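Trainee: Sequence and predicted structure below; questions after.
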Amino acid sequence: MTQREFWTSDVLCDAAEMAIEMGNTHCSSDGYRVISNFGLKAHQSQSHAHLHVISGESKSLENGNQKLLSEKDFVAKIIAAKNSKTNENFMIIARVEALIAGLGVSEATKRADAYEKAGADAILIHSKKNTPDEIFEFCDTWNGNIPIIAIPTSYPDVTLEELQNHKVKMVIYANQSLRAAHWAMAEHLNKLSTSKSLSDVETKMTGMEDIFQLQEMYEIKKQETDIEKNLKKLGYIN
């Protein structure tokens, strides 16, 4: 059964009930998501019908610090993801938030070891401190064999060379493009609100050609042309 067939069948209600039961039993008390993706462009990971029950480490607080999901429960999530994986190019990245929760490098390395053994393809280590010191300590201490990923949002002065020297293999610049896009849109709209015409506003912006390429508009046009040829063959159009 395909994903589309699944969503128009009587099976969906039973699957939804099972997904909610799994979420209530195995996911964080902070909540979870039940989602379904359609097609590769929407990141559908499996060709057959399925639902995703998605949770993560708990964000609840305990004595002012973030309370994490237990190591065992998080390992169980990784094992479940590993067992469901059918595409070798699909990466399972385990996010370690022990530093965020104030539990120290020792807990972070312990969890990273457990997540690697469970089948994670990479470890994402995060910190809310304004220097990369504890990130570097983790990277230098942990002896894992899978890549380390860092998010230097809170310590923006760190250089790529420094991160590379401490075994970081990938960097995520979280929220940067979103925040830049928001600023650009707000700036442009503010100018438009006080101008008499579009020509009065000078803003650097992407050309429509780039937007069409992003939307794969030309591929859609080609598909429409192919459909039109078939309709001509069948006598529906001249």
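Mentor: Great, that's in hand. Residues are numbered from 1 along each chain as shown.

Trainee: contacting residues around residue 154?
Mentor: Shown in contact with residue 154 (C-beta atoms under 8 Å, 6 or more residues apart in numbering): 127, 128, 129, 130. Every residue, glycine included, has its C-beta placed from N, CA and C.

Trainee: Without its sequence neighbours, what residue ends up closest to the first one?
Mentor: The one in question is residue 127. Leaving aside its chain neighbours, residue 127 sits nearest to residue 99 (4.5 Å; criterion: C-beta to C-beta, 6 or more residues apart in numbering).

Trainee: for the one you found, phi and psi?
Mentor: Torsion angles at residue 99 (phi, psi; degrees, to the nearest 10) stand at phi -70, psi -40.

Trainee: quick one, helices of this protein?
Mentor: Assigned by DSSP state H, the chain shows helices spanning 3-7, 11-26, 71-84, 104-118, 133-141, 160-165, 176-193, 208-215, 217-233.

Trainee: who touches the second one?
Mentor: Residues external to helix 11-26 that are found in contact with it (C-beta under 8 Å, 6+ apart): 1, 6, 32, 34, 49, 51, 53, 55, 73, 76, 77.

Trainee: run the last query once more with 6 Å
Mentor: Helix 11-26 has contacts (C-beta atoms under 6 Å, 6 or more residues apart in numbering) with 32, 34, 51, 53.

Trainee: Now it: buried residues?
Mentor: Neighbour counts over helix 11-26 (16 or more other C-beta atoms under 10 Å) mark 15, 19, 22, 23 as buried.

Trainee: Can you check the pLDDT for residue 128?
Mentor: Listed pLDDT for residue 128 reads 91.

Trainee: Number of residues surrounding it?
Mentor: Neighbourhood size, residue 128 [other C-beta atoms under 10 Å]: 14.

Trainee: what residues are up against the spatially most central residue of the chain?
Mentor: For the chain, residue 93 is the residue whose C-alpha lies nearest the centre (C-alpha atoms, centre = their mean; 9.6 Å). Counting by C-beta under 6 Å, 6+ apart, residue 93 makes contact with 122, 124.

Trainee: hmm, which two among the buried residues of helix 11-26 are most spread apart?
Mentor: 15 and 23 (12.5 Å; C-beta to C-beta).

Trainee: could the contacts of helix 11-26 go into TSV alongside neighbour count, distance to residue 89 and pLDDT?
Mentor: Below are the contacts of helix 11-26 laid out as TSV (neighbours: other C-beta atoms under 10 Å; distance: C-beta to C-beta, whole Å; pLDDT from 0 to 100):
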residue	neighbour count	distance to residue 89	pLDDT
32	19	26	77
34	14	25	79
51	19	22	75
53	20	23	74
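
Trainee: Listing request: residues of the chain with sub-threshold pLDDT.
Mentor: 3, 26, 28-30, 39-49, 55-66 (pLDDT under 70).

Trainee: Could you measure from residue 209 over to residue 180?
Mentor: 21 Å (C-beta to C-beta, to the nearest Å).

Trainee: Please parse this structure into its domains.
Mentor: By the record's domain assignment, the chain is partitioned as 1-55, 58-174, 180-233 (automatic domain parsing).
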